[in-house]
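S.K.: Next come a sequence and a model predicted from it.
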Amino acid sequence: NAGVTQTPKFRVLKTGQSMTLLCAQDMNHEYMYWYRQDPGMGLRLIHYSVGEGTTAKGEVPDGYNVSRLKKQNFLLGLESAAPSQTSVYFCASFYYGYTFGSGTRLTVV
Amino acid sequence: AQSVTQLDSQVPVFEEAPVELRCNYSSSVSVYLFWYVQYPNQGLQLLLKYLSGSTLVKGINGFEAEFNKSQTSFHLRKPSVHISDTAEYFCAVSLHSGNTPLVFGKGTRLSVIA
């Protein structure tokens, strides 16, 4: 099925651990975005990409890195996880409309 | 840069009553406007969007919204709510180029009371 797939769906990390969240889309979209959702804060943009090999910072980029080595994949990395990064992470892609993934719930303890 | 303000963080309403969720935006250029709904522990679902044309936009589940350029508003309405409408609702804006990142409001939690 065409769409945006996020893996994993759930993860618990210890402070200081690292991990990578994967966003994959099979719609050949150029534009991809990573958001985080926190209670009472809505969704805030972390990083985005306007095409393969490009990335740009969003509103809350600190503590995260991203890569877009292949057009279909947009990776979000946490090098040293902190409790403040406990959140629900959403990926989206765009082509005449935004398509969202189902989210990754990350808890950092 | 554009911004979105959702004026109410929580809206309780009785079943079968009408509801309005308010959204104001700020932008120096033309924008596209969106409403998304998020049911508990689920992802985002597009309710409706305004791109151009008629300022009254109809969406899914009986919702509609009206774009008011002079008041920079895009309020969401439903004439009669159901228990199943209990969810969080997000207003969002993007620039007219369309491929710019969506900017979201902080959300309004609609609670429908039986």
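M.R.: Sure, I can see it.

S.K.: Going by C-alpha atoms from here, please, whenever you check contacts or count neighbours.
M.R.: Fine.

S.K.: Enumerate every residue touching the residue of chain A found nearest chain B.
M.R.: Proximity of chain A to chain B (Cα to the nearest Cα) peaks at residue A:42, 3.8 Å away. Applying Cα atoms under 8 Å, 6 or more residues apart in numbering or on different chains to residue A:42 gives the contacts B:90, B:104-107.

S.K.: Within the helices and strands, which one has the residue nearest to residue B:60 when sequence neighbours are not counted?
M.R.: Among residues not flanking residue B:60 along the chain, residue B:47 sits closest, at 5.5 Å (Cα to Cα, 6 or more residues apart in numbering or on different chains). Using DSSP states H and E, residue B:47 maps to strand B:45-50.

S.K.: hang on, the earlier thing: any chance of the contacts of residue A:42 in a markdown table, plus pLDDT and secondary structure?
M.R.: As requested, these are arranged in a markdown table below (pLDDT from 0 to 100; DSSP: H, G, I helix; E, B strand; the rest coil):
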| residue | pLDDT | secondary structure |
| --- | --- | --- |
| B:90 | 97 | strand |
| B:104 | 96 | strand |
| B:105 | 96 | coil |
| B:106 | 97 | coil |
| B:107 | 97 | coil |
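
S.K.: can you count the residues close to residue 38?
M.R.: In the absence of a named chain, chain A is used. 15 (other Cα atoms under 10 Å in any protein chain shown).

S.K.: if you could check chain B rather than the one you did, that'd help
M.R.: 19.
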